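S.K.: Sequence and computational prediction follow.
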Amino acid sequence: MHNDIKTTCPYCGVGCGIIVSPSRDGQVVGGDPDHPANRGRLCSKGAALIDSITAESRDDFRLETPLIDGTPADWPTAIAQTAHRLADTIARHGPRSVAFYVSGQLLTEDYYVANKLLKGFIGSPHIDTNSRLCMASTVVGHKRAFGSDIVPGCYEDLEIADLVILTGSNLAWCHPVLFQRLRAARQKNGTKIIVIDPRKTASCDIADLHLPLAPGSDVALFNGLLAWLADQAKLDHTFLTRHVSGTEDALASAHADCPDIATTAQKCGLSRGDVEQFFNLFADHARTVTVFSQGVNQSSSGSDKVNAIINVHLATGRVGLPGSSPFSVTGQPNAMGGREVGGLANQLAAHMDPNNPFDVDRLARFWNAPNLQQGEGYKAVDLFDAVATGEIKAIWVMATNPVVSLPDTSKVRAALANCPLVIVSDVVNNNDTLKYAHIKLPASAWGEKSGTVTNSERRISRQRPFRQGPALARPDWWIMAEIAKKMGFDHGFEWQDVAEIFAEHAALSEFENDGLRAFDIGEWAQTGKSLKPRYDAMAPFQWPASRHYQPKTGAKRLFGDGLFATSNRRARMVSLRYIAPRSNTSPDYPLIANSGRYRDQWHTMTRTGTVARLCAHRPEPLLEMHPDDARNCDLGDGDIARITSHQGTALMRVSLSPSQAVGQIFVPMHWNDSFSSASSIGQLVAPHVDPLSGQPESKHIAVSVSRF
Ligand code: SF4
């Protein structure tokens, strides 16, 4: 068994451990029984990874050589050309005319180098990531409540809780191994489960109560709960007095918004009985975990929804305790790793703040970075708007397909088509975004590259290579470091191995860390001969992992001691009022479309769409709608329908579903140009964003539906 390679699944934020073993036919994958995230389990996507690798071995699949304006080039030429064009753009238009748009598919070390190069050396703050579409609202919610972007709980909490609330989370399809763990715990312990979701999803199969709330009304529901808990004398006043600020104002807002069960039920479109049952279940189970995901985040009030959830946990002292916490589950395999190195336009590396002059100064000194500026860059939607207006003259897209995944994709396509310099690093040779690239750079794929990822419970795991890619494919960090050096940044990018980047990242995490920044993995800030063997042998671990804050090292949970990451160590409750979603129905657009994942597909299907057995689950995109709505639209099961929003149109086959509420339809998010450009739903989504997080409202789109 010494040829077995332990690595991590490249798909969702559960971050399952995988063992790749040699077999007679090549290689097989199995779940790693020693990985704490999955303990040997895999879902359908993880189990099919070798199939996807086999499909990716096709001659026409991979981007095999650098291409400059369509002409093949060797790496020295590609590096020189890319560096020259970037430097020329900076010389003529200034550093802020350059932007990077990166991805939760990047490894942490890749992400670290991208941020260091753009923010620290080029001097542009405009780097954002497709994680903006995933969990940016949670980052805001965590920072407002806890003082830092920290997930207090861990996966084990779902197994020891007495009550698990899934809100805006179809865990069964989007985080299947976590769902398997929850289902097993329910069978063993009788865990109560509540699903809060406008749709009746597969997660409802194990629910004791399903609350099909009106789309977007989450703040009203949790405000109602907070007000009711206060009225019933169910708050933890000792915890609030010692550890929380803002309680009185938050309670006053909650009471003003939803003073009683009747008002809450009316605002949320629920029955009074269901609301009462939910409130009583919450009150009666101290060990409560509230899991939230994209249904909460992808909203024009996503940040408020996150804080509404955290408010009730703070008010009852249920944070960071065994089986008791609010818990954000991220969509991507490395959304958390990106947050650790400042992958968002409103973050700096090591969870520092671009608006804090002390953090900017600290980071500039650590990097010896000549051009680091104070202030935030453009978030994803604004960033592509700046490309459209010509303010951004050069954009480098890495490992993501924004032409499909962003809102208002027609505008994104036009922006890229008119951008003077579009650089795309990718694994595939043909995706929707590559069509707009002047420079295409072949990146190494999963299974070929080395680095780390961080899952939803703050656990850092290694991705290890086990196969050779195309001869000219290179790791993203190497591509950026070579171009940085060619641009004249002759210090700061001299790493010989990815382990050295991780060690630098770890050293930064403990550099002048005053203890309020819990992201501290200084334990790994090691150099010298033993670095690489230690990195290669790294077992999964949770941060913090610090030489200076030993009591917290390896802690499964944070904040259980009531000490938070704010300057006064108190958590903050946030005063909130329900705000309706930005897209409203009208006579022209009378239905609300909700978008989401299929169980066996991933993002824009560039990988999972190549695997026959994964496509068998849902071979085509289906418009799920209630039979009454279908009748009103003169549509029957199997008909092709045209979906029209203010932004654009899409075509899909109708699937009648009594699980859909009347007035609401569901559409999958995955289809792209290669599979069916007519079914890409990015063209329907309006660029309405949460004003604080910049996260688009992808789950509430006003549409009309008609026969095609
Ligand atoms: Fe991969 Fe997520 Fe499935 Fe685990 S649950 S095998 S991380 S897709």
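M.R.: Nice, I can see it. Residues are numbered from 1 along each chain as shown.

S.K.: ok, and for stretch 154-163, which residues are buried?
M.R.: Buried residues in stretch 154-163, defined by neighbour count with 16 or more other C-beta atoms under 10 Å: 154-159, 161-163. (C-beta placed from N, C-alpha, C; glycine too.)

S.K.: actually stretch 195-214, not the one I wrote
M.R.: By neighbour count on 16+ other C-beta under 10 Å, the buried set for stretch 195-214 is 195-204, 206-207, 210-214.

S.K.: In strands only, show me the residues you listed.
M.R.: When DSSP state E defines the strands, the subset of the buried residues of stretch 195-214 inside them is 195-196, 210-211.

S.K.: With distance to residue 630 added, can I get these in a markdown table?
M.R.: As requested, these are exported to a markdown table (distance: C-beta to C-beta, whole Å):
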| residue | distance to residue 630 |
| --- | --- |
| 195 | 25 |
| 196 | 26 |
| 210 | 22 |
| 211 | 25 |
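
S.K.: Show me where this structure dips below the pLDDT cut-off.
M.R.: Within the chain, the stretches with pLDDT under 70 are 1-2, 550-551, 673-677.

S.K.: According to the record, where do the domains of it fall?
M.R.: Domain assignment for the chain by automatic domain parsing gives 5-56, 67-134+334-355+368-497, 136-329, 591-707.

S.K.: Which one of these lies nearest to the ligand?
M.R.: With C-beta to the nearest ligand atom as the measure, domain 5-56 is the member of the domains of the chain nearest the ligand (2.5 Å).

S.K.: Dump the buried residues of stretch 154-163 into a markdown table; add secondary structure and distance to residue 572 as well.
M.R.: Shown next, in a markdown table, are the buried residues of stretch 154-163 (DSSP: H, G, I helix; E, B strand; the rest coil; distance: C-beta to C-beta, whole Å):
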| residue | secondary structure | distance to residue 572 |
| --- | --- | --- |
| 154 | coil | 23 |
| 155 | coil | 26 |
| 156 | helix | 27 |
| 157 | helix | 22 |
| 158 | helix | 26 |
| 159 | helix | 29 |
| 161 | coil | 24 |
| 162 | coil | 27 |
| 163 | strand | 25 |
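
S.K.: Would you format these as TSV with distance to the ligand included?
M.R.: Formatted as TSV, those follow (distance: C-beta to the nearest ligand atom, whole Å):
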residue	distance to the ligand
154	16
155	11
156	16
157	17
158	13
159	16
161	19
162	24
163	23
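
S.K.: Could I get those in JSON lines, plus columns for distance to residue 274?
M.R.: JSON lines is the format used below for these (distance: C-beta to C-beta, whole Å):
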{"residue": "154", "distance to residue 274": "30"}
{"residue": "155", "distance to residue 274": "28"}
{"residue": "156", "distance to residue 274": "29"}
{"residue": "157", "distance to residue 274": "25"}
{"residue": "158", "distance to residue 274": "23"}
{"residue": "159", "distance to residue 274": "26"}
{"residue": "161", "distance to residue 274": "21"}
{"residue": "162", "distance to residue 274": "20"}
{"residue": "163", "distance to residue 274": "15"}
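
S.K.: For the residue lying closest to residue 612 once chain neighbours are set aside, give me phi and psi.
M.R.: In space, and not counting its chain neighbours, residue 612 is closest to residue 51: 7.7 Å by C-beta to C-beta, 6 or more residues apart in numbering. Backbone torsions for residue 51, taken as degrees, to the nearest 10, come to phi -60, psi -40.

S.K.: Just list the residues touching residue 51, thanks.
M.R.: When contacts are counted by C-beta atoms under 8 Å, 6 or more residues apart in numbering, residue 51 touches 611-614.

S.K.: Of those, which pair is most distant in space?
M.R.: Spatially, the most separated pair among these is 612 and 614, at 7.4 Å (C-beta to C-beta).

S.K.: Have a look at the two and say which one is more surrounded.
M.R.: residue 614 (24 against 10; other C-beta atoms under 10 Å).

S.K.: Just confirm the more buried one is within a helix.
M.R.: Yes. Membership of residue 614 in a helix is supported by DSSP: H, G, I helix; E, B strand; the rest coil.

S.K.: any idea which residue sits dead centre in this protein?
M.R.: By C-alpha atoms, centre = their mean, the chain has its centre lying nearest to residue 134, at 3.5 Å.

S.K.: separation between the residue nearest to it when sequence neighbours are not counted and the ligand?
M.R.: Leaving aside its chain neighbours, residue 134 sits nearest to residue 331 (4.3 Å; criterion: C-beta to C-beta, 6+ apart). Remark: distance between residue 331 and the ligand (C-beta to the nearest ligand atom, to the nearest Å) = 10 Å.

S.K.: Which one of the ones in strands among the buried residues of stretch 195-214 is nearest to residue 466?
M.R.: Closest approach to residue 466 among those (C-beta to C-beta): residue 195, at 38.0 Å.

S.K.: So the closest one is in contact with residue 211, correct?
M.R.: Yes. Using C-beta atoms under 8 Å, residue 195 is in contact with residue 211, at 7.2 Å.

S.K.: need the residues of the chain near the ligand, please.
M.R.: 9, 11-12, 14-16, 38, 42-43, 45-46, 175-177 (C-beta under 6 Å from any ligand atom).

S.K.: So which of those residues sit within helices?
M.R.: The helices, defined by DSSP state H, take in 45-46, 176-177 from the residues of the chain next to the ligand.

S.K.: all strands in the stretch 601-708 of the chain, in order from the N-terminus.
M.R.: If DSSP state E, counting those that start in this stretch is used as the criterion, the strands of the stretch 601-708 of the chain fall at 622-625, 640-645, 649-656, 664-668, 701-707.

S.K.: any chance of the ones you listed in a markdown table, plus mean neighbour count?
M.R.: Formatted as a markdown table, those follow (neighbours: other C-beta atoms under 10 Å):
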| stretch | mean neighbour count |
| --- | --- |
| strand 622-625 | 24 |
| strand 640-645 | 19 |
| strand 649-656 | 20 |
| strand 664-668 | 22 |
| strand 701-707 | 20 |
